[in-house]
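Visitor: For reference, the sequence and a predicted model appear below.
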Amino acid sequence: MGTQVEWDFLAMSHALDLIDRNDALRDFSVEVTSKDALQLAAFSSAIPKGTVVSIPYLPNETDFQRIAASRAVRLAGCVPMPHIAARRLSSATEFSSLLSGLVTEGHVNRLLIIAGDVDPPKGPFEDTAAILRSGILEHHGITHVSIAGHPEGHPAQDARRLREALLVKQQILEKASIDWAVFTQFAFASAPVLTWIDELRRAGIDVPIHVGIPGPATVKTLLKFAAVCGVSASAAVLRKYGLSITQLLSTAGPDVLVREYAEAFRNPRYGHVRLHLYPFGGLGKCADWLTSHHTVEPLGR
């Protein structure tokens, strides 16, 4: 049995760990599908009002569904951030009509813009920069844009080109006086993400960065999404994440990652960094996990 001093030390360590995790999760954001957006109000105790909620642009959904999802997020007291896939837009008119609905019905003022995976593009927008240069965002009163970040690389571009493209987008957005941030894909390991953030800061990109982490899900589900998203999922990374192939039917949460990021974010060189949750195991599991980590109200937008 441990001494009283040892027990006191363990209790204090546990308390400090909770404080660190709370700080890492402060002002977190979360991704929610159009379908789950309609249930968001039921999870208000875990996902507080003011939380930024990103809504992916799924090819099998209609603009009506995207607008309805943004409206539901806003009615739940959260901040909708619909995704726009540039290459999936057939025309500037279609894009303008979608934006009009998002702004009118969902009071949307921020978007996450990605290039999309259609080749060739369906319309005039070949990439994110093409949308940023179009003037359509300003016309509809969009005041904040989020750009995708790729800490573990991209199958079609090397790291240098990705960084150069980000700097180009920075110039366009700052010239248009549009606030912006970077949202990353999820990763199983913190080390490559932290290295990537450090490189961006040294390149002069000092905007907020929202680092993607996978919410609690079965390992089988996590590996499925990792394969689709091009995320590194080597055996070594999985071991570091606390997983093994024999645990394929167990449920894994991001506790290891949260602790690592909480410790790293104490260093001011990383700047303004927050966590962005991907609830691959379902919004309910993600909400339960957040509740168990004693999340706090967002600091404000």
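Guide: Yes, it's here. Just so it is clear, the structure is predicted and the values come from calculations on it, not from any experiment.
Visitor: Helix, strand or coil: sort out residue 147 for me.
Guide: Recorded secondary structure, residue 147: strand (DSSP: H, G, I helix; E, B strand; the rest coil).
Visitor: Share the number of residues neighbouring it, please.
Guide: Using other C-beta atoms under 10 Å, residue 147 has 21 neighbouring residues. Where you see a C-beta, it was placed from the backbone N, CA and C, and this is true even at glycine.
Visitor: again, but for residue 68
Guide: Residue 68 is flanked by 18 other residues according to other C-beta under 10 Å.
Visitor: Equivalent analysis for residue 72, please.
Guide: Counted with other C-beta under 10 Å, residue 72 comes out at 23.
Visitor: now do residue 49
Guide: As a burial measure, residue 49 scores 11 neighbours (other C-beta under 10 Å).
Visitor: again with residue 40
Guide: Here the count is done by other C-beta under 10 Å, and residue 40 has 24 residues near it.
Visitor: Please apply the same query to the one 3 residues further on.
Guide: Using other C-beta under 10 Å, the number of residues around residue 43 comes to 21.
Visitor: and what of residue 115?
Guide: 22.
Visitor: Pull the contacting residues for it.
Guide: Taking C-beta atoms under 8 Å, 6 or more residues apart in numbering, we find residue 115 in contact with 85-87, 126-128, 148.
Visitor: roughly how far apart are it and residue 128?
Guide: Using C-beta to C-beta, to the nearest Å, residue 115 is found at 5 Å from residue 128.
Visitor: what residues are shared contacts of those two?
Guide: Common neighbours of residue 115 and residue 128, using C-beta under 8 Å, 6+ apart, are 86, 148.
Visitor: for the chain, what spans make up the strands?
Guide: In the chain, the strands defined using DSSP state E lie at 29-31, 52-55, 79-85, 110-114, 144-149, 179-186, 209-214, 217-218, 251-252, 273-278.
Visitor: any idea how far the closest residue in space to residue 96 that isn't next to it in sequence lies from residue 69?
Guide: Leaving aside its sequence neighbours, residue 96 sits nearest to residue 136 (C-beta to C-beta, 6 or more residues apart in numbering; 5.7 Å). Separation of residue 136 from residue 69 (C-beta to C-beta) stands at 21 Å.
Visitor: Which one's more surrounded, those two?
Guide: Applying other C-beta under 10 Å to residue 136 and residue 69 shows that residue 69 carries more neighbours, namely 26 against 16.
Visitor: quick one on the thing from earlier: from what I can see the residue nearest to residue 96 touches residue 94, true?
Guide: No: at 10.7 Å, residue 136 does not count as touching residue 94 under the criterion of C-beta atoms under 8 Å.
Visitor: just to revisit the earlier point, from the contacts of residue 115, pick the one nearest residue 261.
Guide: Proximity of the contacts of residue 115 to residue 261 (C-beta to C-beta) peaks at residue 148, which lies at 19.1 Å.
Visitor: need the contact list for that closest one.
Guide: Neighbouring residues of residue 148 by C-beta under 8 Å, 6+ apart: 112-115, 128, 182-185.
Visitor: at 10 Å instead, please
Guide: Contacts were defined as C-beta atoms under 10 Å, 6 or more residues apart in numbering; by that measure residue 148 touches 83, 112-115, 128, 154, 162, 166, 169, 182-185, 212.
Visitor: ditto for residue 138
Guide: Here residue 138 is in contact with 132, 176-178 (criterion: C-beta under 10 Å, 6+ apart).
Visitor: Drop anything exposed from those.
Guide: For those, a burial check counting by 16 or more other C-beta atoms under 10 Å picks out 132, 178.
Visitor: okay, the contacts of residue 138 in JSON lines with distance to residue 32 and pLDDT next?
Guide: Compiled in JSON lines, these are given as follows (distance: C-beta to C-beta, whole Å; pLDDT from 0 to 100):
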{"residue": "132", "distance to residue 32": "25", "pLDDT": "97"}
{"residue": "176", "distance to residue 32": "28", "pLDDT": "93"}
{"residue": "177", "distance to residue 32": "29", "pLDDT": "94"}
{"residue": "178", "distance to residue 32": "24", "pLDDT": "96"}
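Visitor: Stretch 149-165: end-to-end distance?
Guide: The first and last residues of stretch 149-165 sit 11 Å apart, counting by C-alpha to C-alpha, to the nearest Å.
Visitor: Quick check: which ranges of the stretch 51-200 of the chain have low pLDDT?
Guide: Applying pLDDT under 70 to the stretch 51-200 of the chain flags the ranges 154-158.
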